[in-house]
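K.L.:
Coordinates for the following, if possible.
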Amino acid sequence: MNADVLIVGAGLAGMVAAAEAADAGRSVLLIEQEPEQSLGGQAFWSLGGLFMVDTPEQRRMGIRDSPALAWQDWLGSAQFDRDEDRWPRAWAEAYVDFAAGEKRSWLRELGHRIFPLVGWAERGDGRADGHGNSVPRFHVTWGTGPGVVEVFERRVRAHLETGRISVAFRHRVDGLIVEDGAVVGVHGAVLVPSAVDRGRASSREVVGDFEARGQATIVTSGGIGGNHDLVREAWPERLGAPPKTMVSGVPAHVDGRMLGITRDAGAMVINPDRMWHYVEGLRNWDPIWDNHGIRILPGPSSLWLDATGRRLPAPYFPGFDTLGTLRYLRSTGYDYSWFILTQKVLEKEFSLSGSEQNPDLTGRDVKLVLSRVRPGAPGPVEAFKQRGEDFVVADNLTDLVAGMNRIADGPVLEEAPLRQLIEARDREVDHEYSKDAQITAIRGALRYRGDKLSRTAGVHKFLDPKAGPLIAVRLNILSRKTLGGLETDLRGRCLRADGTPFPGLYSAGEVNGFGGGGMMGYNALEGTFLGGCLFSGRVAGRAAAEAVA
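P.N.:
Below you'll find the predicted structure:
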């Protein structure tokens, strides 16, 4: 098997790179260990959120954004502080320019569309120059993750019909072929055909071997989030001890295997300790893959407690500072925490990450979307409430605490201090002023039209029976993204230890920290994962095509 450009991994970054290289007239071989039904990789399961700056959607919602503000937020979040951050910072600057420039128009020209309400993710650590989005920038794809995938799958399949692109499914790369200091191809195993559904574990039975050669090889194989042993191995001391138990936000084949293979061939890996894991994970009552976790996308109202029943301090409110909250919770010595909320909060504020958990947006069903403003929780949320092992529902606090203790895997909670805590919080609702920072944050959120319409419940007392029943949710740590990876220059070329480009070798997507080996630094602003795959895939595909003789 030969082609001008070889691409290892048929996820979003791989498809973008393939389409760009083929558009430039190059022959492309896309190599993927999973079956055809997994085309698009992790992007398919996503909510389809994209970080964009100063868009028409923002302006229609009354949001005043600018490239300067976005760059300030990015630097405050990334906190670049290492010598090896040279290329990650350069990629970050290029990406923010892209997000504030042609990203929207480029996608729109390809048929991509955006849901009109802009979300406000990662609201920050409370500092103007610190982590977080100063304004809402989370643009949800109309069609969610599958809507993003289909844009590029359409381009890839068009080239498949002409023969410009070919795809080798069930081909697992086991090594790079290096000759005279340059990568000239890959070799590996042919796996037995598999008809498993997307996301489910496929067989690793080997039925043959293969070799493929090309003038350029682009590695787009994803991160390590499905391999918890690797996650724990890379876990940084600054986040505390690695958790003994996690739920998995990605399937098992997201195992970091190709990252190690590329490193062993001579490519430089930087910032392996930078990672992004969520603290609002639920055990999926209807799992697709083993240990399948779903993240709650919370509004700002739920009361957050650690496993011992202590309230988390500011600014660790739902949706504000993911890694700051993770770091704090790891200091408690337990692998879980709690949300306390009401039915009123659940109905207005709870969304679940993932295309399959949002059938209205994924199916582009306007009537179903409009049903979100009617009484009652969205169907998938209500299903978790009824069937999920992490939910406790009760008409009074006594029964709620008893239910929490039944599912707790740690200290026994006492009703009296929890009642005192909730009553103190409820007294802050009696007047328009408050020293409770979370109440102030909720009232601030309600000033934004998008939050008021669909993401924030009105301020109310949690012990008011009219807002009930009371709900407790046990929150698990959910593994997700790799923020470091293969070091690349601004053309997507992999670098060696001496800082020089590795001839013939490129990378894109999560395997290179979405650009440069970690363009997000220590923190992500959300909507940057898919966007990073799009941008780095585009850059690498175009650069590889240009380099081919």
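K.L.:
mind listing the helices for the stretch 1-150 of the chain?
P.N.:
With DSSP state H, counting those that start in this stretch as the criterion, the stretch 1-150 of the chain has helices at 12-23, 56-60, 67-78, 86-100, 103-109, 144-162.
K.L.:
what's downstream of the lengthiest strand in the chain, the next helix or strand?
P.N.:
Secondary structure assigned by DSSP state E gives strand 470-482 as the longest strand of the chain. For strand 470-482, the succeeding helix or strand toward the C-terminus, using DSSP states H and E, is strand 485-486.
K.L.:
so which of the helices of the stretch 1-150 of the chain is the most packed in?
P.N.:
helix 12-23 (a mean of 29; mean count of other CB atoms under 10 Å). C-beta: built from backbone N, CA, C; applies to glycine.
K.L.:
what about residue 514, distance to residue 525?
P.N.:
Separation of residue 514 from residue 525 (CB to CB, to the nearest Å): 12 Å.
K.L.:
Please apply the same query to residue 299.
P.N.:
Residue 299 is 18 Å from residue 525, by CB to CB.
K.L.:
sorry, back to before: can I get the helices of the stretch 1-150 of the chain in a markdown table including mean pLDDT?
P.N.:
Output for these, formatted as a markdown table (pLDDT from 0 to 100):
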| stretch | mean pLDDT |
| --- | --- |
| helix 12-23 | 98 |
| helix 56-60 | 98 |
| helix 67-78 | 98 |
| helix 86-100 | 98 |
| helix 103-109 | 98 |
| helix 144-162 | 97 |
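K.L.:
nearest to residue 357, of those helices?
P.N.:
The closest of the helices of the stretch 1-150 of the chain to residue 357 is helix 144-162. By CB to CB, the value is 9.2 Å.
K.L.:
Tell me how far the longest strand of the chain lies from the chain's centre.
P.N.:
Counting by CA atoms, centre = their mean, to the nearest Å, strand 470-482 is centred 14 Å from the centre of its parent chain.
K.L.:
How about stretch 149-157?
P.N.:
21 Å.
K.L.:
Next: stretch 299-319.
P.N.:
With CA atoms, centre = their mean as the basis, stretch 299-319 stands 21 Å off its chain's centre.
K.L.:
same check, this time on stretch 182-196
P.N.:
Relative to its parent chain, stretch 182-196 has a centroid offset of 27 Å by CA atoms, centre = their mean.
K.L.:
List the buried residues for it?
P.N.:
Neighbour-count burial for stretch 182-196, counted by 16 or more other CB atoms under 10 Å, picks out 183, 184, 185, 186, 188, 189, 190, 191, 194.
K.L.:
Tell me which entries of those lie within strands.
P.N.:
Short answer: the buried residues of stretch 182-196 in strands (DSSP E) are 183, 184, 185, 186, 188, 189, 190, 191.
K.L.:
What residues are bridge-paired with residue 282?
P.N.:
Beta-bridge partners for residue 282, by DSSP bridges, are residue 294.
K.L.:
List of residues touching the helix or strand of the chain with the lowest mean pLDDT?
P.N.:
In the chain, no helix or strand scores lower on mean pLDDT, DSSP states H and E than helix 366-370, which sits at a mean of 86. For helix 366-370, contacts defined as CB atoms under 8 Å, 6 or more residues apart in numbering pick out 359, 360, 361.
K.L.:
Let me have these in JSON lines, adding secondary structure and distance to residue 168 as columns.
P.N.:
Below are those laid out as JSON lines (DSSP: H, G, I helix; E, B strand; the rest coil; distance: CB to CB, whole Å):
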{"residue": "359", "secondary structure": "helix", "distance to residue 168": "33"}
{"residue": "360", "secondary structure": "helix", "distance to residue 168": "36"}
{"residue": "361", "secondary structure": "helix", "distance to residue 168": "33"}
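K.L.:
Filter these down to just the buried residues.
P.N.:
360, 361.
K.L.:
Tell me which helix or strand residue 417 sits in.
P.N.:
Using DSSP H and E, residue 417 sits in helix 415-427.
K.L.:
Tell me where the stretch 251-400 of the chain has helices.
P.N.:
Applying DSSP H, counting those that start in this stretch to the stretch 251-400 of the chain gives helices spanning 257-264, 322-330, 343-349, 359-362, 366-370, 379-387, 397-407.
K.L.:
which residues touch the shortest one?
P.N.:
Contact partners of helix 359-362, identified using CB under 8 Å, 6+ apart, comprise 47-48, 115, 140, 142-147, 355-356, 365, 368-369, 371-372, 378-380.
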